[in-house]
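J.: Give me coordinates for this.
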Amino acid sequence: MDLTGDKPSAPRSSPVYVHNPHLDSLKDDVLYHFSLGTRTHNLPAMFGDVKFVCVGGSPWRIKSFTEYIAAELAIEEPNSGYANICAGTDRYTMYKVGPVLSVSHGMGIPSIAIMLHELIKLLHHAHCTDVTVIRIGTSGGIGLEPGTVVVTKQSVDATFLPRLEQVILGKTVVRNTDLDQGLAEELLQCSKELSQFETVIGNTMCTLDFYEGQARLDGALCSYTEKDKQDYLIKAKEAGVCNIEMESSVFAAMCKLSGLRAAVVCVTLLDRLKGDQLNSSHDVLHDYQLRPQILFTNVSRVGFEPTLPTGDQNPHIGMEALLESGAFDSSAILTEVWSGIIKLQRLNCDLPSEVVLFYFIDLVEPLIPSKTAGCDNEYNR
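T.: Just a heads-up that it's a prediction; the model follows:
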């Protein structure tokens with residue numbers, strides 16, 4: 001925060017892009033698989049505040065995630081009941097609590113691609129900005145202990161190349177599958193701070209099939225040997241592949257083209273070098289599946305909670321605060337700050353022609369009002 005005298009310029013917001021000029025001619029853009037539309041629903045009112053989107057394959061997992069994040073971030077009552085916004089269709093499920101939207105996408109590239117087309121249009125029509133999208137899910141690991149969480153660096157195809165190939169009008173179109181590396185590092189750092197489970201960053205192989213496409217030996221069809229399988233998986237590991245799933249490539253490609261900050265976080269349920277079938281108990285698998293939810297929640301927590309750094313980035317201030325007003329007057333420079341983080345406290349500073357509200361959270365020390373130049377302090381417990 002710049003307190004040197006000049007008012008800082010507002011940071012640029014990042015919109016959600018759609019690359020389709022034909023949408024401009026539509027009087028009503030029907031999001032068919034969501035049972036929503038621009039003419040039948042006020043999308044800006046319903047979704048305009050969305051900053052975080054969680055997508056996952058299972059409708060149950062998405063409902064569970066919604067309840068979990070609502071409780072963890074104290075957005076809404078955890079037992080208040082959450083209506084499925086897509087109740088008019090049985091294709092996908094969608095829930096919203098505060099600025100967090102969660103959507104199921106089913107299994108495989110075709111299913112998640114349909115969902116993403118309509119999700120991206122929804123966010124665009126709702127005029128959302130600075131949106132972070134994270135796919136949470138399960139996967140098969142390669143050389144990793146079951147329960148390890150993999151944050152995807154790149155999504156690669158079955159030949160270990162970072163690309164998505166799609167046939168459009170009879171021609172093969174190749175798209176980039178890079179993900180936001182800054183967000184991936186944030187997720188890894190978050191896991192280190194939590195110290196609850198092992199988390200690694202690596203490539204994720206996205207396949208077109210669960211059985212033969214992933215070198216399984218237990219499908220209805222199989223034309224290769226155990227040695228063939230092991231050789232292939234070892235080559236994948238040598239190429240930097242840590243896990244295998246079926247959605248990450250199109251997720252990465254579409255989010256990148258739409259200007260969305262995106263990450264893929266999947267827990268490994270087994271080590272594919274040691275077998276093909278799941279033998280862990282239901283309780284163990286349930287615990288594993290919670291791990292990506294925990295990472296998502298703790299990373300998104302930053303969007304809800306301003307921090308109070310104690311460094312010397314500025315000789316007059318040791319905190320960063322959320323300003324409810326867009327203006328800041330340099331005559332009100334804070335000369336003392338709290339060393340702890342303050343839970344739901346509000347400091348009202350009456351500045352020339354402006355009222356600025358500072359919000360803090362998570363009380364770790366008793367509240368002591370700071371001294372300011374030209375400000376009257378008021379705080380509420």
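J.: Ser280: neighbour count?
T.: Counted by other C-beta atoms under 10 Å, the residues lying close to Ser280 total 14. Bear in mind the C-beta positions are built from the backbone N, C-alpha and C, glycine included.
J.: can you tell me which residues contact it?
T.: Counting by C-beta atoms under 8 Å, 6 or more residues apart in numbering, Ser280 touches Pro146, Leu269, Leu270, Tyr288.
J.: What separation do you get for it and His286?
T.: Going from Ser280 to His286 by C-beta to C-beta, to the nearest Å gives 10 Å.
J.: anything in contact with each of those two?
T.: Residues touching both Ser280 and His286 (C-beta under 8 Å, 6+ apart): there are none.
J.: returning to that earlier point: return the closest of the contacts of Ser280 with respect to Ile114.
T.: Closest approach to Ile114 among the contacts of Ser280 (C-beta to C-beta): Leu269, at 25.4 Å.
J.: Same question for that closest one, what's its three-state structure.
T.: At Leu269, secondary structure determined by DSSP: H, G, I helix; E, B strand; the rest coil is strand.
J.: neighbours around Lys63, how many?
T.: When neighbours are counted by other C-beta under 10 Å, Lys63 registers 16.
J.: The residue most central in space within the chain and Gly56: what is the separation?
T.: Central residue of the chain (C-alpha atoms, centre = their mean): Ile134, 2.9 Å from the mean position. With the distance defined as C-beta to C-beta, Ile134 ends up 9 Å from Gly56.
J.: Repeat that for Ile62.
T.: Noted for Ile62: a distance of 5 Å to Gly56, by C-beta to C-beta.
J.: what residues do those two have in common as contacts?
T.: Joint contacts of Ile62 and Gly56 (C-beta under 8 Å, 6+ apart) are Ser102, Ser104.
J.: The two: who's more crowded?
T.: When Ile62 and Gly56 are compared for neighbours, Gly56 comes out ahead with 29 against 22, by other C-beta under 10 Å.
J.: Who does the more buried one form a beta bridge with?
T.: Counting by DSSP bridges, Gly56 is bridged to Ser104.
J.: got the contact list for it?
T.: Contacts of Gly56 by C-beta under 8 Å, 6+ apart are Ile62, Phe65, Ser102, Ser104, His105, Arg135, Ile136, Gly137.
J.: SS state for the second one?
T.: Which is Phe65. Going by three-state DSSP: Phe65 is helix.
J.: okay, the biggest helix by length in the chain in CSV with CA atoms only?
T.: In the chain, assigned by DSSP state H, the helix with the most residues is helix 282-300. C-alpha atoms of helix 282-300 as CSV (Å, rounded to 0.1, in the frame of the first residue of the first chain):
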residue,chain,number,x,y,z
HIS,A,282,-14.2,-46.3,2.6
ASP,A,283,-13.1,-44.2,5.6
VAL,A,284,-9.5,-43.9,4.2
LEU,A,285,-10.7,-42.9,0.7
HIS,A,286,-13.1,-40.4,2.3
ASP,A,287,-10.2,-38.8,4.2
TYR,A,288,-8.1,-38.7,1.0
GLN,A,289,-10.8,-36.9,-0.9
LEU,A,290,-11.0,-34.2,1.7
ARG,A,291,-7.4,-33.2,1.1
PRO,A,292,-7.9,-31.1,-2.1
GLN,A,293,-10.8,-29.4,-0.4
ILE,A,294,-8.6,-28.4,2.5
LEU,A,295,-6.0,-26.9,0.1
PHE,A,296,-8.6,-25.0,-1.9
THR,A,297,-10.2,-23.6,1.3
ASN,A,298,-6.9,-22.4,2.8
VAL,A,299,-5.8,-20.8,-0.5
SER,A,300,-9.1,-19.0,-1.0
